[in-house]
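K.L.:
how would this look folded up:
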Amino acid sequence: MGDQLPNDVSPAPRVKATIRLGSDTCIAQASKGGLISEQLASVKEQSMSILKDFITKHNIPNDVPDEAEEISSEDEDAISPKPPVKKSKKRQ
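P.N.:
Next up is the predicted model:
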């Protein structure tokens, strides 16, 4: 049994993640050795960057209507409540 703690300094990167998004596969790896927590933070930043790039690359155009909007517009046509009539204040 070693006396090594989980946050010991490692000379080489020990943290690596493979990310699969659809048919794309990306690898995020700690850029340098150091504390495990620092390596995890580095891989997290790379993963977030990969995810942001994927979302940007596969972004849906804004002109495509959502189903929720279609359903709500049908409901509005079926039931059209009238706004309450405000009483005007009379001056005396």
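K.L.:
all helices of this protein, in order?
P.N.:
Using DSSP state H, the helices found in the chain span residues 36-57, 67-78.
K.L.:
of the ones you listed, which shows the lowest average pLDDT?
P.N.:
Lowest mean pLDDT within the helices of the chain: helix 67-78, a mean of 56.
K.L.:
OK, contacts around the nearest residue to Leu40 once chain neighbours are set aside?
P.N.:
Distances taken as Cβ to Cβ, 6 or more residues apart in numbering put Val15 closest to Leu40, at 5.6 Å, once the chain neighbours are dropped. C-betas here are computed from N, CA, C, even on glycine. Residues counted as contacts of Val15 (Cβ atoms under 8 Å, 6 or more residues apart in numbering) are 29-30, 36, 39-40, 42-43.
K.L.:
do Ala30 as well
P.N.:
Residues near Ala30 by Cβ under 8 Å, 6+ apart: 13-16, 38-40, 42-43.
K.L.:
for it, give its distance to Lys57.
P.N.:
Here the criterion is Cβ to Cβ, to the nearest Å. By it, Ala30 lies 24 Å from Lys57.
K.L.:
equivalent analysis for Gly34, please.
P.N.:
In this structure, Gly34 and Lys57 are 31 Å apart, going by Cβ to Cβ.
K.L.:
do Ala17 as well
P.N.:
Ala17 is 19 Å from Lys57, by Cβ to Cβ.
K.L.:
these two: who's more crowded?
P.N.:
The neighbour comparison of Ala17 against Lys57 (other Cβ atoms under 10 Å) goes to Ala17, with 15 against 9.
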